[in-house]
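1. Structure, please.
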Amino acid sequence: MKIKKRPLVIVCPGGGYRYTSDREAEPLALSFLAKGFHVAVLRYSCFPAHYPTALIELARSVLIVRKHADEWYIDSDAIIIQGSSAGGHLAASFACFWHDDFLTEKLMINNTASCKEMLRPNGLILSYPVITSGEYAHKDSFVNLLGDELNELKEKMSLENAVNDNVPATFIWATYTDESVPVENSLLFALALKKQNINTELHVFCEGGHGLSLANHLTEGPSEKENVPSCEVWIDLACTWLKNKYCNW
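-> A predicted model of the protein is given here:
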């Protein structure tokens, strides 16, 4: 086989930290797989589990796949985290906090630079992500995530304030007319990335509600509102972005 190793995309479905959406799990995984990438779906813990449970699970997942990279034909320098909606918040949280000491402590690994590097995400793909706990917040996501610690932690988990130079290159897409998770979430995160001079590609589509997933008939719900042909191109744009950055084929 000519291609020995491939990038891996870890898919984090949305669901408001209440559940993990089937529509944003296997269908996305199969689409990335069809484009030539390895894929894993993380069914992370949701309510009644609270922060940092899901974050620790994502960190452990990255650690596992990087440790097995040679065995599983994964390019260890191309581990990409994808998240939709609240899954986007989880993915972006990991991108912001992967280097923090508390994660190595929770994972019970050595708190050294080399061990921390095992957790480094190489790229980030966000689909209509939950980002801010401020004016444009999807409040239920933060209630489910933080529980009794909502007031104490909601500022920390407002990720436009958490971006730092450890965040990897990022691809973001959202819709202008999303009423559940306003487009300002994506814009605030993109602006924070710009301030850190982090390579970012942002697409805002003019129409479409929340939870579009692939934005076609394969992932539409009973109302069919998730079938928005003008947004369907996002997966091709994201995969082109991935190939340009992480592939030599």
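2. quick one: the strands in the protein?
-> 6-12, 38-41, 74-84, 123-127, 170-175, 200-205 (DSSP state E).
3. Dump those strands into JSON lines; add mean pLDDT, distance to E160 and mean neighbour count as well.
-> (Each C-beta comes from the backbone N, C-alpha and C, glycine too.) Conversion of the strands of the chain to JSON lines gives the following (pLDDT from 0 to 100; distance: least, Cβ to Cβ, whole Å; neighbours: other Cβ atoms under 10 Å):
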{"stretch": "strand 6-12", "mean pLDDT": "98", "distance to E160": "19", "mean neighbour count": "25"}
{"stretch": "strand 38-41", "mean pLDDT": "98", "distance to E160": "27", "mean neighbour count": "20"}
{"stretch": "strand 74-84", "mean pLDDT": "98", "distance to E160": "16", "mean neighbour count": "24"}
{"stretch": "strand 123-127", "mean pLDDT": "98", "distance to E160": "12", "mean neighbour count": "28"}
{"stretch": "strand 170-175", "mean pLDDT": "98", "distance to E160": "12", "mean neighbour count": "26"}
{"stretch": "strand 200-205", "mean pLDDT": "98", "distance to E160": "13", "mean neighbour count": "17"}
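4. Redo those strands as CSV? Include distance to S21.
-> CSV is the format used below for the strands of the chain (distance: least, Cβ to Cβ, whole Å):
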stretch, distance to S21
strand 6-12, 10
strand 38-41, 11
strand 74-84, 7
strand 123-127, 11
strand 170-175, 17
strand 200-205, 20
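5. looking at those, which is closest to S114?
-> strand 74-84 (13.2 Å; Cβ to Cβ).
6. and that closest one, what does it pack onto?
-> Judged by 3 or more Cβ pairs under 8 Å, 6 or more residues apart in numbering; DSSP states H and E, strand 74-84 is in contact with strand 6-12, helix 26-34, helix 53-67, helix 86-97, strand 123-127, helix 234-246.
7. Direction included, what does that strand pair against?
-> Taking DSSP bridges as the criterion, strand 74-84 forms sheet pairs with strand 6-12 (parallel), strand 123-127 (parallel).
8. Can you say which of those strands is nearest to G208?
-> Here strand 123-127 is closest among the strands paired with strand 74-84 (Cβ to Cβ), at 11.2 Å.
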